[in-house]
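Chemist: Predicted coordinates and the sequence they were generated for:
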Amino acid sequence: MKIIPHFIFSMILVLVNHAVLAEKTKNCTNYPSGTENRCVEGNNLSNSKTDVLQLLQSLVEQKSIPSIIPFLKDSEAYVREAAIEALGQLGAKKAIPSIIPRMQDTDSAVRNKAINVLVQFHAREAIPSIISLLHEKDSSIRTRAMQVLLQLDAREAIPGIILLLNDDESSVRLAAMNTLSEFRANEAIPGITELLEDNESAIRIRAMEMLELLQGKKAFPGIMSLLNDQDDNVRLRAMKVLQNLDAQRAVPSIMFFLNDSNVKLRLSAIDLLRKAQAKEAAPGLVPLLKDSNPDIRSNTIAALEDLQGEKSISRITPLLNDIVASVRIQAINSLYHLQEKTLTPYVVTLLNDSDVQVRIRALEILTKLQEDNLLRNKGEVISNVLPLLKDTNKNIRTVAITTLNVLQAKEATPKIISLLQDKDVNVRLVAIAAVAKLEAKEAIPSLVFLLKNYNPKIRIGAMNALLDLQGTDAIHTIAPLLEDKTIEVSTATAERLAQIQDPLLTLLINKTFLLIMVACPLLAFFPLFLKGKKFYVSIGVLIVSVFCFRYLASITPYYPQFKEGSTWGGIFQWGVLVAFGITLFLKVIWYVVTIVFKRSPTVDRQNKSARYN
């Protein structure tokens, strides 16, 4: 019942609004030139528009759907659009029949708003009306209609969309293919096949991709025909599609492209032949090792490696001297993969290459050869690697240290130790690890110095190296790192110490050390208050405690300042001895005093007798 008053109220407001507009138009004398009969009083029209929009917003708040629907037929486009928007906000699916005609609206904004709201409602009852939009003159409307039909999963529209494969507009044909592709519409295959001969190269390429998706290997003959296309991009895409479908079957046709003037086509042909393992194509690939393009030469090296194996070594080896660094790197990589036993001399020559990446790769190959036990003339290799420790490039120095480390080149130790002070952090870290691996005990002073380095990684590396070189003897040296301000350093130190010492045993040692440290000064004064055997026992206990203190100080990782030979350790021991000396002195004084002032036994007996009598 409440709907009727709202409806009547809204209609009255609309009539009043139109009456106001009519009056304004009637009284307007400021018309612009032209064919349009409209008033230029912008402020009045703006106010009226605001009033109508406020009215619609009020109806939305009241959820008065029946009162909003009449606005769909308003003469003003902005009112119709706002009404559709309002119904969309309310989710008013019962208004769908009233919204559907707006898809034919004369205003494009109204049409788009109607379509969006119908998609929002997933209004399948609108599908017939949307299908009719496929025949609109405006190509953008036809394209938009296909998008909407796809969103509504309207497979019944597929026949109509197939017709658009022959549309005059290339953008519409492309949109039609994309839509049919999403629908997986196999019935569109004949129409798509015809597009392989389309005038637009983009259409031909997309048609290939769709046939690959819908037909698979059945599309092979049609796509093969495009290998002779006039457009290089079409031929390139055709090769890639054929490579995905059946590379082996395409080999004879692809081999013709090895001599094509287009670099991309030659590269694609090499890759396809390599993927197809077309060994019969190897002779045709050999001339490409002298191609003017370095990418062609590099890819050919990789292809011959796969197709001919060790037979290609003699052809690949000359390219170690190629003028382009990337080709030299590919050549050395391929020769390494082929496990060429005589590779070492060639790699050594590349250590002096002008290109940084080539030198780095040569060092890496030497490292791998050593790990695989394929390295020859180890001494010669080491002598050629040593100069690279002074290379201006930090990456070269880093890899050179690693290589010498793997080669166990102890003769390189002095030079590696000098790199512990290198400007680059990574170089120093690798050098630290190397001196530990090479067991270079002469590096210990330098490593101890690095424990105070500003960089936490350096401190951690030095700590690990010292433990590797000295074992438990390094505990006192690295113990201060347990109190390091950087959590990573203190944690790493504690974890490493836990690996070489039982945590519970370490805790017991520390607690015992503290107990003895407190007990020793007290034990030094005990003899002052004891007599007889207890006096001598207390002295023995003190001596044992001092020796235990010295021993525990040498093994505890937490108090290195008290170990034997340290300043604080010496002060403590001398303090205990001085306290014990004072005790003995006081004991002697007490003994003398008791002797001097002790009364005679005869006098004592006479006094006792007198008291008795």
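Modeler: Looks like it arrived, so ask away. Residues are numbered from 1 along each chain as shown.
Chemist: use CA for all of it now, contacts and neighbours both
Modeler: OK.
Chemist: just so I have it, where are all the helices in the stretch 501-613 of the chain?
Modeler: In the stretch 501-613 of the chain, the helices defined using DSSP state H, counting those that start in this stretch lie at 503-525, 532-555, 567-596, 601-612.
Chemist: In terms of secondary structure, what does the host helix or strand of residue 244 contact?
Modeler: Assigned by DSSP states H and E, residue 244 belongs to helix 232-254. Packing partners of helix 232-254 (3 or more Cα pairs under 8 Å, 6 or more residues apart in numbering; DSSP states H and E): helix 201-215, helix 220-224, helix 263-275.
Chemist: give me every residue that touches residue 74.
Modeler: By Cα atoms under 8 Å, 6 or more residues apart in numbering, the residues touching residue 74 are residue 80.
Chemist: quick one on the thing from earlier: pull the residues that contact the helix holding residue 244.
Modeler: For helix 232-254, the surrounding residues in contact (Cα under 8 Å, 6+ apart) are 201, 204-205, 208-209, 212, 216-217, 220, 223-224, 226-229, 262, 264-265, 268-269, 272-273, 275-278.
Chemist: ok, now with 7 Å
Modeler: Residues from elsewhere that reach helix 232-254 (Cα atoms under 7 Å, 6 or more residues apart in numbering): 201, 205, 216-217, 220, 223, 226-229, 265, 269, 272-273, 276, 278.
Chemist: what about that helix, distance to the chain center?
Modeler: 34 Å (Cα atoms, centre = their mean, to the nearest Å).
Chemist: Tabulate the helices of the stretch 501-613 of the chain in JSON lines, adding columns for mean pLDDT and distance to residue 257.
Modeler: Listed next are the helices of the stretch 501-613 of the chain as JSON lines, based on pLDDT from 0 to 100; distance: least, Cα to Cα, whole Å:
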{"stretch": "helix 503-525", "mean pLDDT": "74", "distance to residue 257": "71"}
{"stretch": "helix 532-555", "mean pLDDT": "78", "distance to residue 257": "76"}
{"stretch": "helix 567-596", "mean pLDDT": "80", "distance to residue 257": "84"}
{"stretch": "helix 601-612", "mean pLDDT": "60", "distance to residue 257": "134"}
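Chemist: Among those, which comes closest to residue 467?
Modeler: Taking Cα to Cα, helix 532-555 is the member of these nearest to residue 467, at 14.4 Å.
Chemist: now the closest one: how far from the chain's centre is it?
Modeler: The chain centroid and the centroid of helix 532-555 are separated by 61 Å under Cα atoms, centre = their mean.
Chemist: One more: stretch 411-418?
Modeler: Taking Cα atoms, centre = their mean, one finds the center of stretch 411-418 at 36 Å from the center of the full chain.
Chemist: can you list contacts of that stretch?
Modeler: In contact with stretch 411-418 (Cα under 7 Å, 6+ apart) are residues 386, 431, 435, 440, 443.
Chemist: And stretch 367-379, by the same measure?
Modeler: So stretch 367-379 is in contact with 341, 344, 403, 406-407, going by Cα under 7 Å, 6+ apart.
Chemist: how many neighbours does residue 241 have?
Modeler: Neighbourhood size, residue 241 [other Cα atoms under 10 Å]: 22.
Chemist: and what of residue 198?
Modeler: Number of residues near residue 198 (other Cα under 10 Å) recorded here: 16.
Chemist: what residues are up against it?
Modeler: Taking Cα under 7 Å, 6+ apart, we find residue 198 in contact with residue 204.
Chemist: Tell me the one of the contacts of stretch 367-379 nearest residue 593?
Modeler: residue 406 (78.6 Å).
Chemist: Mind pulling up the pLDDT for that closest one?
Modeler: Predicted confidence (pLDDT) for residue 406: 92.
Chemist: who are the neighbours in contact with it?
Modeler: Neighbouring residues of residue 406 by Cα under 7 Å, 6+ apart: residue 367.
Chemist: Of the contacts of stretch 411-418, which belong to helices?
Modeler: Among the contacts of stretch 411-418, the residues falling in helices (DSSP state H) are 431, 435.
Chemist: could you dump stretch 185-203 to CSV, C-alpha only?
Modeler: Presented in CSV, the C-alpha positions along stretch 185-203 are these (Å, rounded to 0.1, in the frame of the first residue of the first chain):
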residue,chain,number,x,y,z
ALA,A,185,33.5,-23.1,-30.5
ASN,A,186,34.7,-25.9,-32.7
GLU,A,187,31.8,-25.1,-35.2
ALA,A,188,33.7,-22.0,-36.0
ILE,A,189,36.8,-23.8,-37.4
PRO,A,190,35.7,-23.6,-41.1
GLY,A,191,35.2,-19.8,-40.8
ILE,A,192,38.5,-19.4,-38.9
THR,A,193,40.4,-21.4,-41.5
GLU,A,194,39.2,-19.0,-44.2
LEU,A,195,40.9,-16.2,-42.2
LEU,A,196,44.3,-17.7,-42.8
GLU,A,197,44.0,-15.9,-46.1
ASP,A,198,42.8,-12.6,-44.6
ASN,A,199,44.3,-9.4,-45.8
GLU,A,200,45.3,-8.4,-42.3
SER,A,201,48.5,-10.1,-40.9
ALA,A,202,47.2,-9.8,-37.4
ILE,A,203,44.1,-11.7,-38.4
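Chemist: hmm, back to that, just give me the lowest mean pLDDT stretch among the helices and strands packed on helix 232-254.
Modeler: Of all the helices and strands packed on helix 232-254, the minimum mean pLDDT falls on helix 220-224 (a mean of 83).
Chemist: gap between the residue nearest the centre of the chain and residue 195?
Modeler: Residue closest to the average C-alpha location in the chain (Cα atoms, centre = their mean): residue 426, at 20.9 Å. Counting by Cα to Cα, to the nearest Å, the gap between residue 426 and residue 195 amounts to 59 Å.
Chemist: now residue 54
Modeler: Distance, residue 54 to residue 195, using Cα to Cα: 53 Å.
Chemist: which one of those two has more residues nearby?
Modeler: A direct count of neighbours by other Cα under 10 Å for residue 54 and residue 195 places residue 195 higher, at 22 against 12.
Chemist: On the three-state scheme, the more buried one is what?
Modeler: helix (DSSP: H, G, I helix; E, B strand; the rest coil).
Chemist: residues touching it, list them.
Modeler: Here residue 195 is in contact with 203-204, 207 (Cα under 7 Å, 6+ apart).
Chemist: What degree of burial does residue 512 show, as a neighbour count?
Modeler: Using other Cα under 10 Å: residue 512 sits among 16 other residues.
Chemist: Run through the neighbouring helices and strands of the helix or strand hosting residue 145.
Modeler: For residue 145, the element it lies in under DSSP H and E is helix 139-151. Under the contact criterion of 3 or more Cα pairs under 7 Å, 6 or more residues apart in numbering; DSSP states H and E, helix 139-151 touches helix 170-183.
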